[in-house]
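Undergrad: Could you work out the structure for the sequence below:
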Amino acid sequence: MLYVDFFTRQILSFFRREGRGLPWRKEKISAYEVWVSEIMLQQTQVERVLGYYRKFLKRFPTVRSLARASWEDFLPYYSGLGYYNRGRNMLAAARRVAEHYRGRFPRDYDALVSLPGVGDYTARAILSFAYGRNMLAPDTNVKKVLGRFFFGSRRADLN
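TA: Coordinates of the predicted model:
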């Protein structure tokens, strides 16, 4: 337990000193905002996503507004991020959330992963960041840090 306490203090100190003020890491973030950020960040650098994220949310501020969009309306706000199947999945998932969940992302893991384009990590991120659930959502960078600190390697099997 001593290592865990030390690690926690060190990582929090590092975050206070070096952490970036990313718009999707704010207090009281909506599940929709988390979802948009996580989909956009899949295999795309943070710096590239920053401009898209803000413009996208300005144009589509709610999941219902996105659900009403056609591909032609959507594309100018997504074009340049690549992986256009992600974009098609975003529209399909938004429509399902609007139709089946009354415009609110479900608070249930199984319901979240049933949405098009939502996998384990994205579901966990939504549940953790938006709904405050005590659920680990380890991305590649978190796995690297944990692996190096606790296991002395670049990888950690956290699943």
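Undergrad: So what's the predicted local confidence for residue 154?
TA: The model reports residue 154 with a pLDDT of 53.
Undergrad: switch to numbering from 26
TA: Got it, the first residue is 26 from now on, which makes the last one we talked about residue 179.
Undergrad: element containing the residue nearest the centre of the chain?
TA: In the chain, the centroid-proximal residue (Cα atoms, centre = their mean) is residue 63; its distance is 2.6 Å. Assigned by DSSP states H and E, residue 63 falls within helix 56-66.
Undergrad: And that helix, what does it pack against?
TA: helix 71-84, helix 109-125, helix 145-150 (3 or more Cβ pairs under 8 Å, 6 or more residues apart in numbering; DSSP states H and E). In this view, the C-beta of every residue, glycine as well, is placed from N, C-alpha and C.
Undergrad: Grab the CA positions of it and hand them over as PDB.
TA: Extracted in PDB, the C-alpha atoms of helix 56-66 (Å, rounded to 0.1, in the frame of the first residue of the first chain):
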ATOM      1  CA  ALA A  56     -21.900  12.300 -21.100                       C
ATOM      2  CA  TYR A  57     -22.300  13.800 -24.600                       C
ATOM      3  CA  GLU A  58     -19.200  15.900 -24.300                       C
ATOM      4  CA  VAL A  59     -17.200  13.000 -23.000                       C
ATOM      5  CA  TRP A  60     -18.500  10.800 -25.800                       C
ATOM      6  CA  VAL A  61     -17.600  13.400 -28.500                       C
ATOM      7  CA  SER A  62     -14.100  13.800 -27.100                       C
ATOM      8  CA  GLU A  63     -13.400  10.100 -26.800                       C
ATOM      9  CA  ILE A  64     -14.600   9.300 -30.300                       C
ATOM     10  CA  MET A  65     -12.600  12.100 -31.800                       C
ATOM     11  CA  LEU A  66      -9.500  11.200 -29.800                       C
END
